[in-house]
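S.K.: Got a sequence here, can you model it:
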Amino acid sequence: MGLRVCLVTPFAWSRPHDVNEHVAGLARELRMLGHEVTVLAPSTRAADLAAGRRALLDGARAEMIALGPAVPISRRSRIGVPVGVRANLALALARGRFDIVHGFEPALPSLSYLALRDSHALGVATFLSPERLGYPPGKPQRERLLSRIDALLATSPEAAEAACERLPGAYQVITPGVDTELFRPEEKRKRIVLEWRPAGRPLTRSVLRALRDLPGWELVLLRTKPLSGRPTVPRAIADRVTVRTARDAAGRAAFLNEAAVFVPALDGLARVSLEAAAAGAAIASPPHLREQPELAGAAVARLAEDEELRGREGRENRAAAERQTFTELARWHDELYGSLAKKRRGNATRPGIHEEDALSSRDWIVCDLHMHTSWSHDCAIEVPDLLTHAETEGLGAIAITDHNVFGGAREALAATTSLTVIPGEEIKTDGQGEVIGLFLSEEIARGMSFTETVAAIKEQEGLVYIPHPFDRMHSIPDAATLRSHLDEIDVFEVYNARLLFDGYHDEALRFASKYNLTMGAVSDAHVLQGVGTGALRMRQFDDAEEFLVSLRSAQVLRRPKSLLYLQSLKWAAQAKERVR
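M.R.: Numbers count the residues shown, from 1 in each chain. Okay, here's the model as predicted:
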């Protein structure tokens, strides 16, 4: 089944760039596989900008949408994306209704970063250069970005290692992709192509010295970046050395397809080396070249003098490049996107959906799924007082979820009350925050791993409830842990009346919506005055299965009181208890 895929590049689509070549090749082949692909990019071309405005008005269904003029960006950039471009990006993401948003080089202050940060779709990030990793500068912003990325990719081990230092995670290394129809072996001339970089003068001098002893051979110094200068060429071989600029693939193919030997720059584009391999050139890149650039001349001389070696390496390079085509790259992404799409729950897979209509005749009640009693170390509310107060507040069901103990829930179950009591426990894991078990029958020990805690809840046929998942004022599970347990999470808390910042609620709501998780809302009450300040309006239920069915039509109720007031009452109660 085809997906709606959005590819976002930070570089002007109207200008040649190696990232854009990667995006364009991937987009073309993904469309061949049946996906609907839209590229979002800046542009310097007026026609692109006008077409982009029309596409946004028409529902963001075009193959490429220029969102605004290009702003120069680099790893040292401090220029933000203009407000108008941000607005166009928000409009494109909203109207596009994408299944996948894939940002390229998102560690720059750019459209890619904003798209992954603000999108509600499944997110994929690709890093192509170890040099483009300076943004965002703050650790909280990087953690927020990571929480919204479902897959981390890099086009080289070096890029993956560098990116992992700033954005930790499990990176998958992919090919940059190459067009093997455009780059193909042709009749080889005695031509050496060297990718020229101003910082690579020692490498260039080594190859120029070797050229003096290779009569009949020519050298092309290929510039693949703008404003890259011009090397000094000795007069004795000037007639055999040319300097050419080719920033796009078509321009480079004219030189590489007939080249017998290619010398990559020390800090050159990985794409150009792959293109040279696809063209069947022998590549002069011996080990330790960065430490000893003069080795390049020796490698060039050996390849130039040994036609058999040159031909064998050229054939091997071509065979390796044929496994790294854009077609193969798209097939790999097709599998990745499909596996990510499976993470999002479908309504048909939720327990008890066939019984939803059976509860439509039940009364509506207010249910608070997270509160504490004096059995918790930080709460002084006696169980009878809590039950009486909850009845007075008009609640129909409550979950007793004391910290790491089950006595409060057991006491509430034994009491006489009109409330439906859900026995639960808020369990501290070993370094991954807390997990609540609902509909438990016995206590679960604290200090286990997140995985072990979830398994212990499931062993009792309980429900896994994730409390305050993005409250960074407390220990919480990281996003990777949450994503690895999506199938086991029964309820995901999107509103907690005790959280200090609303941004934490927004983050939880975004996550739950993204993966179609069942949502919960609670008071997390530690004092009587907090009971019911966050709750759900839902149909009456009798057991865990009916509870999950009822949650499907539940409505979040936000009835907050002053957090300072509630917290001061909690502190006063704790102080009073210590005096006793």
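
S.K.: center of this structure - which residue?
M.R.: Geometric centre of the chain, nearest residue: residue 149, 1.6 Å, by C-alpha atoms, centre = their mean.

S.K.: So the spatially most distant residue from the centre of the chain: helix, strand or coil?
M.R.: Going by C-alpha atoms, centre = their mean, the residue of the chain most distant from its centre is residue 236, 54.2 Å out. Using DSSP: H, G, I helix; E, B strand; the rest coil, the structure places residue 236 in helix.

S.K.: check contacts around the nearest residue to it once chain neighbours are set aside.
M.R.: Closest residue in space to residue 236, ignoring its immediate chain neighbours: residue 212 at 6.7 Å, by C-beta to C-beta, 6 or more residues apart in numbering. Yep, even glycine has a C-beta here, placed from its N, CA and C like the rest. Contacts for residue 212 (C-beta atoms under 8 Å, 6 or more residues apart in numbering) come out as 234, 236-237.

S.K.: From those residues, pick the one nearest residue 325.
M.R.: Comparing those against residue 325 with C-beta to C-beta picks out residue 237 as the nearest, at 36.7 Å.

S.K.: What distance do you get for that closest one to residue 211?
M.R.: The gap separating residue 237 from residue 211 is 5 Å, by C-beta to C-beta, to the nearest Å.

S.K.: what do you get for residue 112?
M.R.: Distance of residue 112 to residue 211, given as C-beta to C-beta: 41 Å.

S.K.: more neighbours, these two?
M.R.: Legend: neighbour count by other C-beta atoms under 10 Å for residue 112 and residue 211, higher for residue 112 (28 against 24).

S.K.: List the buried residues in the host helix or strand of the more buried one.
M.R.: In the assignment (DSSP states H and E), residue 112 maps to helix 111-118. Under the neighbour-count criterion of 16 or more other C-beta atoms under 10 Å, helix 111-118 has 111-117 buried.

S.K.: In CSV: the residues you listed, plus pLDDT.
M.R.: Formatted as CSV, the buried residues of helix 111-118 follow (pLDDT from 0 to 100):
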residue, pLDDT
111, 93
112, 95
113, 94
114, 94
115, 95
116, 95
117, 93
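
S.K.: Please tabulate those residues in TSV and include distance to residue 96 as additional columns.
M.R.: TSV is the format used below for the buried residues of helix 111-118 (distance: C-beta to C-beta, whole Å):
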residue	distance to residue 96
111	14
112	15
113	18
114	14
115	10
116	14
117	16
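
S.K.: Please identify which of those is nearest to residue 229.
M.R.: Proximity of those to residue 229 (C-beta to C-beta) peaks at residue 112, which lies at 29.2 Å.

S.K.: Nearest residue to that closest one in space, please, no chain neighbours.
M.R.: Nearest non-adjacent residue to residue 112, counting by C-beta to C-beta, 6+ apart: residue 103, 3.6 Å away.

S.K.: ok, residues contacting the very next helix or strand once past the helix holding residue 112?
M.R.: Counting by DSSP H and E, the next helix or strand C-terminal to helix 111-118 is strand 122-127. Strand 122-127 has contacts (C-beta under 8 Å, 6+ apart) with 22, 99-107, 112, 116, 133, 148-155, 159-160, 162-163, 167, 171, 174, 336-337, 340-341, 343-344, 514.

S.K.: related to what we said a few turns ago, what touches both of residue 237 and residue 211?
M.R.: Common contact partners of residue 237 and residue 211 (C-beta under 8 Å, 6+ apart): residue 219.

S.K.: about what we covered before: contacting residues around the residue nearest to the centre of the chain?
M.R.: Contacts of residue 149 (C-beta under 8 Å, 6+ apart): 116, 123-125, 167, 169.

S.K.: can you rerun that using 7 Å?
M.R.: If you count contacts by C-beta atoms under 7 Å, 6 or more residues apart in numbering, residue 149 has them with 116, 123, 125.

S.K.: Now it: phi and psi?
M.R.: phi -110, psi 130 (degrees, to the nearest 10).

S.K.: Tell me where the model's unsure across the stretch 51-200 of the chain.
M.R.: Scanning the stretch 51-200 of the chain for pLDDT under 70 picks out the ranges 72-80.

S.K.: those strands in it, which residues are they?
M.R.: Secondary structure of the stretch 51-200 of the chain (DSSP state E, counting those that start in this stretch): strands located at 64-69, 100-104, 122-127, 151-154, 171-173, 191-196.

S.K.: swap in the stretch 451-580 of the chain?
M.R.: Using DSSP E, counting those that start in this stretch, strands in the stretch 451-580 of the chain cover 463-466, 491-496, 519-522, 534-539, 555-558.

S.K.: From the contact counts, what lies against the fourth one?
M.R.: Here strand 534-539 touches strand 364-371, strand 519-522, helix 544-551, strand 555-558, going by 3 or more C-beta pairs under 7 Å, 6 or more residues apart in numbering; DSSP states H and E.

S.K.: In the last one, which residues are buried?
M.R.: Taking 16+ other C-beta under 10 Å as the basis for neighbour counts, the residues of strand 555-558 that come out buried are residue 557.

S.K.: Same check on the first one?
M.R.: Neighbour counts over strand 364-371 (16+ other C-beta under 10 Å) mark 365-371 as buried.

S.K.: From these, pick the one nearest residue 63.
M.R.: The shortest approach to residue 63 among the buried residues of strand 364-371 belongs to residue 369, at 45.9 Å (C-beta to C-beta).

S.K.: which ones are touching that closest one?
M.R.: 399, 465, 520, 522, 536 are the contacts of residue 369 under C-beta under 7 Å, 6+ apart.

S.K.: just residue 424 next, same as before
M.R.: Counting by C-beta under 7 Å, 6+ apart, residue 424 has contacts 399-401, 409, 436-438, 440.

S.K.: how far away is residue 531 from residue 440?
M.R.: The value you get for residue 531 to residue 440, if C-beta to C-beta is used, is 21 Å.

S.K.: Worst mean pLDDT among the strands of the stretch 451-580 of the chain?
M.R.: Note on the strands of the stretch 451-580 of the chain: strand 555-558 shows the lowest mean pLDDT, a mean of 90.

S.K.: and that one, what other elements does it pack with?
M.R.: Against strand 555-558 (3+ C-beta pairs under 7 Å, 6+ apart) you get strand 491-496, strand 519-522, strand 534-539.

S.K.: so which of those gets nearest residue 317?
M.R.: Nearest of those (C-beta to C-beta): strand 491-496, 49.9 Å.

S.K.: Tell me which strands that closest one pairs with, and in which orientation.
M.R.: strand 463-466 (parallel), strand 519-522 (parallel) (DSSP bridges).

S.K.: For these, give me CSV that also has distance to residue 304 and mean neighbour count.
M.R.: As requested, the strands paired with strand 491-496 are exported to CSV (distance: least, C-beta to C-beta, whole Å; neighbours: other C-beta atoms under 10 Å):
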stretch, distance to residue 304, mean neighbour count
strand 463-466, 64, 25
strand 519-522, 68, 26
